[in-house]
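A.B. asks: Sequence and computational prediction follow.
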Amino acid sequence: MGALADAALNAGGEVIGIIPRALVEKEVAHPRLSELRVVGSMHERKALMAELSDAFIALPGGYGTFEEFCEVLTWTQLGLQRKPCGILNVEGYYDPLLTLFDRAVAEQFLKPVHRGLVLAGSDPESLIVRLLEHDPPAADKWIGRKET
């Protein structure tokens with residue numbers, strides 16, 4: 001996240017950071033952000049990030065990235081928000097996850113319309129254009145709901 005923030009700042013962009021107080025105390029906060037909002041917990045952090053965001057893009061990362069992306073994706077699936085969700089698939093990093101999403105559709109754990117909520121691409125500019133043009137559909141989450 002720091003490298004991305006530095007690149008945006010160096011290009012003249014504005015970067016808002018949101019960090020739980022416990023991590024500030026461990027000196028993890030970026031020192032040059034345009035704005036730093038300190039919150040009480042990771043839950044508050046994610047809620048505020050979701051509120052401030054127009055869209056979500058997962059870059060290669062670890063558990064925190066996976067968890068945060070899947071949470072906002074689930075919020076979209078449930079209709080709690082309708083913001084585009086994208087994966088920047090650098091050098092095929094997310095190929096296994098995208099394959100898992102496809103398998104979830106094949107095994108009927110996920111509707112094809114919800115698989116379509118994830119936009120993926122390896123070029124940042126074209127991914128951003130697709131996200132700006134994307135209007136996530138509202139659809140019933142549960143498979144077979146009409147039959148129950």
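C.D. replies: Received the coordinates, thanks.

A.B. asks: where does this structure dip in pLDDT?
C.D. replies: Low-confidence segments of the chain, defined by pLDDT under 70: 139-148.

A.B. asks: Tell me, domain by domain, which residues of it belong where.
C.D. replies: Domain segmentation of the chain under automatic domain parsing yields 1-52, 55-139.

A.B. asks: Turn those domains into TSV, including mean neighbour count.
C.D. replies: Bear in mind the C-beta positions are built from the backbone N, C-alpha and C, glycine included. Listed next are the domains of the chain as TSV, based on neighbours: other C-beta atoms under 10 Å:
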stretch	mean neighbour count
domain 1-52	13
domain 55-139	15
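
A.B. asks: Residue 93 reaches residue 62, doesn't it?
C.D. replies: No: Residue 93 is beyond contact range of residue 62, at 11.2 Å (criterion: C-beta atoms under 8 Å).

A.B. asks: residues in contact with the lengthiest helix in the chain?
C.D. replies: As assigned by DSSP state H, the longest helix anywhere in the chain is helix 63-77. By C-beta atoms under 8 Å, 6 or more residues apart in numbering, the residues outside helix 63-77 that reach it are 46, 49-50, 56, 58-59, 81-83, 85, 87, 97, 114, 117-118, 136, 141.

A.B. asks: Next: stretch 116-130.
C.D. replies: Counting by C-beta under 8 Å, 6+ apart, stretch 116-130 makes contact with 57, 73, 76-77, 84-92, 94, 98, 101, 131, 134, 136-137, all of which sit outside it.

A.B. asks: what's the span of that stretch, first residue to last?
C.D. replies: Criterion C-alpha to C-alpha, to the nearest Å; first-to-last residue distance in stretch 116-130 is 12 Å.

A.B. asks: Strands of the chain, start to end?
C.D. replies: 16-20, 35-39, 56-58, 85-88, 118-121 (DSSP state E).

A.B. asks: Dump these to CSV, plus distance to residue 105.
C.D. replies: As requested, those are exported to CSV (distance: least, C-beta to C-beta, whole Å):
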stretch, distance to residue 105
strand 16-20, 33
strand 35-39, 35
strand 56-58, 19
strand 85-88, 16
strand 118-121, 11
